[in-house]
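*Asks:* Need coordinates for the below:
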Amino acid sequence: MIGKKHFLIYCDIAISKPIVSRAIKISLIVGTILNLINQGDAISSFNIENIYLFKFFLTYVVPYSVTTYTATALKLEFQIGTKSTIEADLKCHICGEELHVHENELIKECSQCGIHTQWRLK
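*Replies:* Numbering: from 1, shown residues only. Below is the predicted model:
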């Protein structure tokens, strides 16, 4: 079960501008392709009565959700307070401090940036 703190961190990352922007772009591309595949005849003939609006919008929501989840999950791999999924050398994006973590080791805060630490692969 996910704790409140992790959920809030997940939400903050999920609504960050880069992730929302990427998810919208992917959703528009994939959703349009899937809608053309699934309802292409009705869409191309502008036959609004035969377009299933729920499916139409859901076809955009699903790729948006998948993209958001995936991007957020990747960012969470090196968030403070979580366990590293791999052994890696990390560098704080803010101040440049470096840290080596082993697989399943708890990722700690940067000594200079504290809770604002943003670890990236070195």
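*Asks:* What residues of the strand or helix carrying residue 56 count as buried?
*Replies:* Assigned by DSSP states H and E, residue 56 belongs to helix 53-76. Residues of helix 53-76 classed as buried by neighbour count (16 or more other CB atoms under 10 Å): 56, 59-60, 63-64, 67-68, 71-72, 75-76. Using the backbone N, CA and C atoms, a C-beta is placed for each residue, glycine as well.
*Asks:* How about stretch 16-36?
*Replies:* For stretch 16-36, the neighbour count (16+ other CB under 10 Å) marks 19, 23, 26-27, 30-31, 34-35 as buried.
*Asks:* who's in contact with residue 76?
*Replies:* Residue 76 makes contact with 6, 9-10, 13, 82 under the criterion CB atoms under 8 Å, 6 or more residues apart in numbering.
*Asks:* among those residues, which two are most distant?
*Replies:* 13 and 82 (11.8 Å; CB to CB).
*Asks:* who has more neighbours, these two?
*Replies:* The neighbour count for residue 13 versus residue 82, taken as other CB atoms under 10 Å, is higher for residue 13 (18 against 13).
*Asks:* where's the more buried one relative to residue 50, distance?
*Replies:* Distance, residue 13 to residue 50, by CB to CB, to the nearest Å: 40 Å.
*Asks:* same deal with residue 115?
*Replies:* Applying CB to CB, the value for residue 115 to residue 50 is 53 Å.
*Asks:* What segments of the protein are strands?
*Replies:* Counting by DSSP state E, the chain has strands at residues 88-92, 98-101, 119-121.
*Asks:* chain center to stretch 20-29: distance?
*Replies:* Relative to its chain's centre, stretch 20-29 lies at 11 Å (CA atoms, centre = their mean, to the nearest Å).
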